[in-house]
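Student: Fold the following and give me the result.
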Amino acid sequence: MNHDKRIKALTEKKNAMIEEMESMVAAAVDESGEERAFNEEEQAKFDELAKNAEALKKTIEAEERAMAAEMKPVEPKKEEDKTMTVEERALAEERAFADYLRGIVSEERTDYNLEKTDGAATIPTTIANKIIKKVFDVCPVAAKATRYNVKGTLQIPYYPKAGETYKTGISVAYASEFTELASTTGKFQSITLQAFLAGALTKVSKSLVNNSQFDIVGFVVDDMGENIARWLEYQLLIGDHANSHIDGLSQATNTKTATGASYVTADDLIGLQCAVKDVFQADACWIMAPSTREAIRKLKDKEDRYLLNPDYREGFGYTLLGKPVYVSDNMPNFTASTTAIYYGDFSGLALKISENIDIEVLREKFATEHAIGVVGYLECDAKIENEQKIAVLKMAAADPS
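Tutor: Residues are numbered from 1 along each chain as shown. Modelled structure (predicted):
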């Protein structure tokens, strides 16, 4: 009996089940991107996969015992590792990643060791997912956008906007019994999200790598995540429309013009907030430069009360006209004709970003710099998919005389 062939087939089947279980856990997030519990159907499927994987494990052990009995001399059987939970596998992958950075390459447990190529290695998806999570933790506008985790080009259908309402082409009118309704047809348009490639490089000193007390995995995740987040936030807020790259919020059409070129008034802020319909106000917030927030902090109403108030229940500590305020160094300061403030529900921004980020460790390329490189590539694009959710305050061309 060909035990080797049967053991290999059973092991591949067991590993496929384990990977499916891990995918189910990773996919258990709600619409806002937060982790959630399995529903009944998912839990039943997960339990069935776990049961079958355990059964396959026992069958593999039986095959190994049978193979050992046929062999002469009988070699001692290696103790089989227990089936890993998702948490155990994540920790094992982190250890494998840290070991590879430090030049320690294990030949055991190849199912989670790094895939090696000439002078590089592709890191486990566990680390890549942590980097993507870090991006959304650091970049609020990306976290609030409607995300599409796909590769390649994506088309999103929508009804075109006509004035203050959506022109659906569907008419509603009073009806009478035994009288046919007039048929109408809505015409969809679409926005196209492309696959713009972006790359980031982090170099790590070998002196730090060789320090066993240094959290090398945490450093790579933080540094890579923060660099991608800063770049992505700029693309979402400012964009690169002039070079036919990401539009982000730069092509917003729901705009208001400030009173001046170097200052804003309370009326400007009220007008901007009112440019977003009430139905979209629940999750609305402000995004502006730090200097803009500083200027607004000095604004008072007619009763000498500050418009911008501290509120430590909010992530950034301030609310303006009842809504949280976020600041970004990527937003421009008060300058003639620039975009100074965004307001609204930023789920109206469609963000296509692949969570299957391609990240490799380059051990040889930067050897002469006494460093190790970690390079990451991702596909992304962003456009406004609901113009009514987001309003923009642009500065005037000049201050009033």
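Student: Contacts only, for Asp4.
Tutor: Neighbouring residues of Asp4 by Cβ atoms under 8 Å, 6 or more residues apart in numbering: Met67. Glycine gets a C-beta too; all of them are placed from N, C-alpha and C.
Student: how far away is it from Tyr174?
Tutor: Distance, Asp4 to Tyr174, by Cβ to Cβ, to the nearest Å: 78 Å.
Student: What are the boundaries of the strands in the stretch 251-400 of the chain?
Tutor: With strands called from DSSP state E, counting those that start in this stretch, the stretch 251-400 of the chain shows them at 255-257, 285-288, 308-310, 318-320, 323-327, 339-344, 349-353, 358-362, 371-384, 390-394.
Student: For the ones you listed, give me JSON lines that also has distance to Trp231, mean neighbour count and mean pLDDT.
Tutor: Formatted as JSON lines, the strands of the stretch 251-400 of the chain follow (distance: least, Cβ to Cβ, whole Å; neighbours: other Cβ atoms under 10 Å; pLDDT from 0 to 100):
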{"stretch": "strand 255-257", "distance to Trp231": "25", "mean neighbour count": "14", "mean pLDDT": "95"}
{"stretch": "strand 285-288", "distance to Trp231": "17", "mean neighbour count": "24", "mean pLDDT": "94"}
{"stretch": "strand 308-310", "distance to Trp231": "29", "mean neighbour count": "15", "mean pLDDT": "74"}
{"stretch": "strand 318-320", "distance to Trp231": "26", "mean neighbour count": "20", "mean pLDDT": "86"}
{"stretch": "strand 323-327", "distance to Trp231": "18", "mean neighbour count": "20", "mean pLDDT": "90"}
{"stretch": "strand 339-344", "distance to Trp231": "18", "mean neighbour count": "25", "mean pLDDT": "95"}
{"stretch": "strand 349-353", "distance to Trp231": "12", "mean neighbour count": "25", "mean pLDDT": "91"}
{"stretch": "strand 358-362", "distance to Trp231": "15", "mean neighbour count": "19", "mean pLDDT": "76"}
{"stretch": "strand 371-384", "distance to Trp231": "10", "mean neighbour count": "21", "mean pLDDT": "87"}
{"stretch": "strand 390-394", "distance to Trp231": "21", "mean neighbour count": "22", "mean pLDDT": "95"}
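Student: quick one, which of those is nearest to Val141?
Tutor: strand 285-288 (6.3 Å; Cβ to Cβ).
Student: for the closest one, the distance to its chain's centre please.
Tutor: Computed by Cα atoms, centre = their mean, to the nearest Å, the chain-centroid distance of strand 285-288 equals 20 Å.
Student: do stretch 224-231 as well
Tutor: With Cα atoms, centre = their mean, you get 11 Å for stretch 224-231.
Student: Looking at it now, give me its mean pLDDT.
Tutor: For stretch 224-231, the mean per-residue pLDDT is 84.
Student: CA atoms of that stretch as CSV?
Tutor: The C-alpha trace of stretch 224-231 is given here as CSV (Å, rounded to 0.1, in the frame of the first residue of the first chain):
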residue,chain,number,x,y,z
MET,A,224,4.6,49.9,7.0
GLY,A,225,1.0,50.5,8.1
GLU,A,226,1.6,54.2,9.0
ASN,A,227,3.5,55.0,5.8
ILE,A,228,0.7,53.4,3.6
ALA,A,229,-1.9,55.2,5.7
ARG,A,230,-0.3,58.6,5.3
TRP,A,231,0.0,58.1,1.5
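Student: how deep is Ala66 tucked in, by neighbour count?
Tutor: Ala66 is flanked by 13 other residues according to other Cβ atoms under 10 Å.
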